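> below is the sequence, then the predicted model.
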Amino acid sequence: MTGPPTGLCGSCRHAREIRNRRGSAFLLCRRSASDPRFRRYPVLPVLSCIGFQPDEVESGGQAGC
């Protein structure tokens, strides 16, 4: 995702980039589907999150989600 910094969400396995028809991009927190403590579309940049888990694809492992 290009643009403003995303903080932790940019490297979290639970984040998914969503684009609308006009080309705007948002980060969806997939943890929000099962846990109300997480905002569906968090305000960026996220600097602290109890649900953060590094994306294993970016860190050299295999994706877990």
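Alright, I've got the coordinates. Residues are numbered from 1 along each chain as shown.

> CA only for contacts and neighbour counts going forward, please
Noted.

> how many neighbours does the nearest residue to residue 5 once chain neighbours are set aside have?
By the measure of Cα to Cα, 6 or more residues apart in numbering, the closest residue to residue 5 outside its immediate chain neighbours is residue 45, 5.9 Å from it. When neighbours are defined as other Cα atoms under 10 Å, residue 45 has 13 of them.

> any regions of this protein where pLDDT drops low?
Segments of the chain classed as low confidence (criterion: pLDDT under 70) are 1-4, 57-65.

> show me what contacts residue 15?
With contact taken as Cα atoms under 8 Å, 6 or more residues apart in numbering, residue 15 is in contact with 9, 27, 28, 29, 30.

> ok, of those residues, which come out buried?
When neighbours are counted using 16 or more other Cα atoms under 10 Å, these contain these buried positions: 9, 27, 28, 29, 30.

> who does the third one bridge with?
The reference is to residue 28. Listed by DSSP bridges, the beta-bridge partners for residue 28 are residue 16.

> that one and residue 35, how far apart?
In this structure, residue 28 lies at 13 Å from residue 35, with Cα to Cα, to the nearest Å as the measure.

> relative to residue 30, how far out is the residue most central in space within the chain?
Per Cα atoms, centre = their mean, the C-alpha nearest to the average position across the chain is that of residue 15, at 2.4 Å. Computed as Cα to Cα, the residue 15 to residue 30 distance reads 6 Å.

> also residue 21?
Taken as Cα to Cα, the spacing of residue 21 relative to residue 30 amounts to 21 Å.

> distance between the ends of stretch 29-49?
When the termini of stretch 29-49 are compared using Cα to Cα, they are 11 Å apart.

> done for today, thanks.
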